[in-house]
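> Okay, predicted coordinates and the sequence, questions at the end:
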Amino acid sequence: MYLIREVFQTKPGRAKDLVKMFKQAAPHFEKIGEMNNMKILTDVVSNYWTVVVESETENIGGFFSNMRSATMSDELKEIMKGYMDCVAGGHREIFLVE
């Protein structure tokens, strides 16, 4: 199993907007079957305005191919509208759960 963390640095004051988007999008991502046990985290002791979306998958190849197809959904596009206005940068972390 793999643990995936999408770590976002948001623009000042925009973390709550990104959290709202991901909370609405979570059921769509979980429905595609390659993102399980999604959690949305915000900073307590970290860089300011950090949002982390954490999920698990058994199939890392399926995760990447399903992410591409999921982002093509009109419903998901509407939910994530304005995403780039919130994000200043970020990175992805992928861990193998031993």
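In hand now; what should we look at?
> residue boundaries of the helices in this structure?
15-31, 60-70, 74-79, 83-86 (DSSP state H).
> any idea how far the shortest one is from the chain center?
Relative to the chain's own centre, helix 83-86 is displaced by 13 Å; criterion: CA atoms, centre = their mean, to the nearest Å.
> what comes up buried for that helix?
By neighbour count with 16 or more other CB atoms under 10 Å, helix 83-86 contains the buried residues residue 86. For the C-beta atoms, the positions are set from N, CA and C on the backbone; glycine is no exception.
> what does that helix contact?
The set of residues external to helix 83-86 that reach it, using CB atoms under 8 Å, 6 or more residues apart in numbering, is 8, 10, 11, 14, 15, 17, 18, 21.
> hmm, which two among these are most spread apart?
11 and 21 (13.6 Å; CB to CB).
> least reliable of the helices of the chain going by mean pLDDT?
Sorting the helices of the chain by mean pLDDT places helix 60-70 lowest, at a mean of 77.
> What helices and strands are in contact with that helix?
If contacts are counted by 3 or more CB pairs under 8 Å, 6 or more residues apart in numbering; DSSP states H and E, helix 60-70 sits against strand 2-10.
> avg pLDDT for the strand it packs on?
Rounded mean pLDDT across strand 2-10 is 96.
> still on that earlier bit, which one of the helices of the chain lies closest to residue 94?
helix 60-70 (7.0 Å).
> Helix 15-31 and that closest one, what's the angle between them?
110 degrees (axes from the mean of the first three to the mean of the last three CA atoms, to 10 degrees).
> got the contact list for helix 60-70?
With CB under 8 Å, 6+ apart as the criterion, helix 60-70 contacts 2, 4, 28, 29, 32, 33, 34, 35, 57, 76, 94.
> separation between the fifth one and residue 81?
Using CB to CB, to the nearest Å, we find residue 32 at a distance of 19 Å from residue 81.
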